[in-house]
Each structure stands twice: as C-alpha cells, then as structure tokens.
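*Asks:* take this sequence and fold it.
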Amino acid sequence: MRLLIIRHGDPDYSIDSLTPKGWREAELLSERLAKEEIAKFYCSPLGRARDTASLTLKKMGREAEICGWLREFDAPVVMPNGERKGNCWDFMPSYWTGIDEFYDREKWLETELMRSGPAKEQYREVAAGMDGILAQFGYLREGKLYRTSRGSRETAALFCHFGVTAVLLSHLLGISPVPLWHGFVAAPTSVTVLYTEEREKGIASFRCQSFGDLSHLYAAGEPPAFAARFCETYDNFDERH
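*Replies:* You can find the predicted model right below:
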C-alpha cells in the first residue's frame, strides 16, 4: 500500500487556520491530490489541518476520518535549562547532538529529559493509531514488521503536522524521531510518500520514496513557506531563531 503524509498549509497559529498563502498552497495541493485514487482520508482535529484537507475533500466529494492522535505531537518536557516546559522536539543543536541516546530508536525515550513529560505515552498513542489504520488495510504489526494475509495496492492520505510526521516515520521505519525533527523539514502542504515492500510473502515493511515533496507548488510558481525552518544565518534576524 501507499501512504501520503501531508503537512497543513502555511499556518496562522493565532486562529489555528491558514494564512492567505496557506489557502493558496492548499488549493494547489487539492489539484494534485484530486488526480489520485485515494481509498481513505484521515485528518488531525486541529483547524489548520482540517482547513487544508477541506479543499481536497470538497473537490473530490469525500470525507475524512478525524483522528485525535494525528494532532501535533504534544508532549511538553522540562527544557534543558530547567526553567520551563517546552516541545520535546525543539532543542538547540549544541544540546541534542551531544546526547547519543537521542539517536537510538529505543533509548531516546528513556533519557531524563523525555521522562520529564508524556513523550512515551504520546508516542505509543501515535504508533497505535497508525497501526490501527494499517490493520484496516490488512497489515498487522508484529515486532518491527507487518504481517499481511492480503497485499494492498490502495492509498491512504493523512493530513497532519510536521512534528507528528517525524513520529510516524520513526515508528514505520524504526528510527529515532529526534534527528528527523531537527535534520529534516516538511514545509507547508508538503507530501511524504511511503510504500510497503513485501519481499517475503506475508511480511511487509515500509520504504520512504520521498520526503516533503512540494512539486505542486513549484509547478505553479508558488514558493515554499518558511514555516518549520529557522534562520539560515544567525545574523538574519528577519528569520526565526
């Protein structure tokens, strides 16, 4: 089967919706997705994801299943300076790169910092939600692989957020999400594509064909939004630090 994991359009977080640019991006995305044969749609309950999905769903005359676990990954932890709580996926490079456990598929959750918040519980919720979808298509989780009695060539589309996308990839590919959170960027309305591979009968695994694809924007001359990135050079204070 094929998974399309889609980030919402350029966000206006103050109203949990989209900026005017975000709506343009969502329209271009809908033109792309309307040409696809998609068996089922799933969507985060947050407004910016639902608004992004709405244009595609209206164009195709479809509905999406709203999944609470597809909301942005919400697991605040005590930050390294101990002064406040913050996102478990937003640390300075000088901090997280110095902790070897953050690169490990299992050990990252057992660090003192991650244990200061609900990261493990939230991660398990997302993993269980993803596995529930895959079970609908005949793929049952067994260890780090999937057992299937019937191969599927169907496509499922998930409208969600960058942080939770990294968690989904972590679960499906067996890697820590920390380097994904910090080393990759899924720009607004980008599409990440994964396929199953069944090289052994009844045993399936996932392979990522593309991450954060924006071809629908480039084809229309629409530049990617900056959201999710940080300053390219430190002296540029017009960009997020």
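
*Asks:* report the contact partners of the closest residue to Cys231 other than its chain neighbours.
*Replies:* Closest residue to Cys231 apart from its sequence neighbours, by Cβ to Cβ, 6 or more residues apart in numbering: Glu239 at 3.9 Å. To be clear about C-beta, it is placed using only N, CA and C from the backbone, and glycine gets the same treatment. Glu239 is in contact with 226, 229-232, counting by Cβ atoms under 8 Å, 6 or more residues apart in numbering.

*Asks:* just the element for Gly163, please.
*Replies:* helix 162-173 (DSSP states H and E).

*Asks:* give me the most central residue, the chain.
*Replies:* Thr165 (1.5 Å; Cα atoms, centre = their mean).

*Asks:* verify the stated contact: that residue with Ile5.
*Replies:* Yes - in this structure, Thr165 is within contact of Ile5 by Cβ atoms under 8 Å, at 5.3 Å.

*Asks:* list the residues that contact both of these two?
*Replies:* Common neighbours of Thr165 and Ile5 (criterion: Cβ under 8 Å, 6+ apart): Thr192.

*Asks:* quick one: low-confidence parts of this structure?
*Replies:* For the chain, no stretch has pLDDT under 70.

*Asks:* quick one: the residue nearest to Cys231 from Phe226, how far?
*Replies:* 7 Å (Cβ to Cβ, to the nearest Å).

*Asks:* one more: Ser44?
*Replies:* Taking Cβ to Cβ as the measure, Ser44 falls 21 Å from Phe226.

*Asks:* likewise for Tyr218?
*Replies:* Per Cβ to Cβ, Tyr218 is found 16 Å from Phe226.
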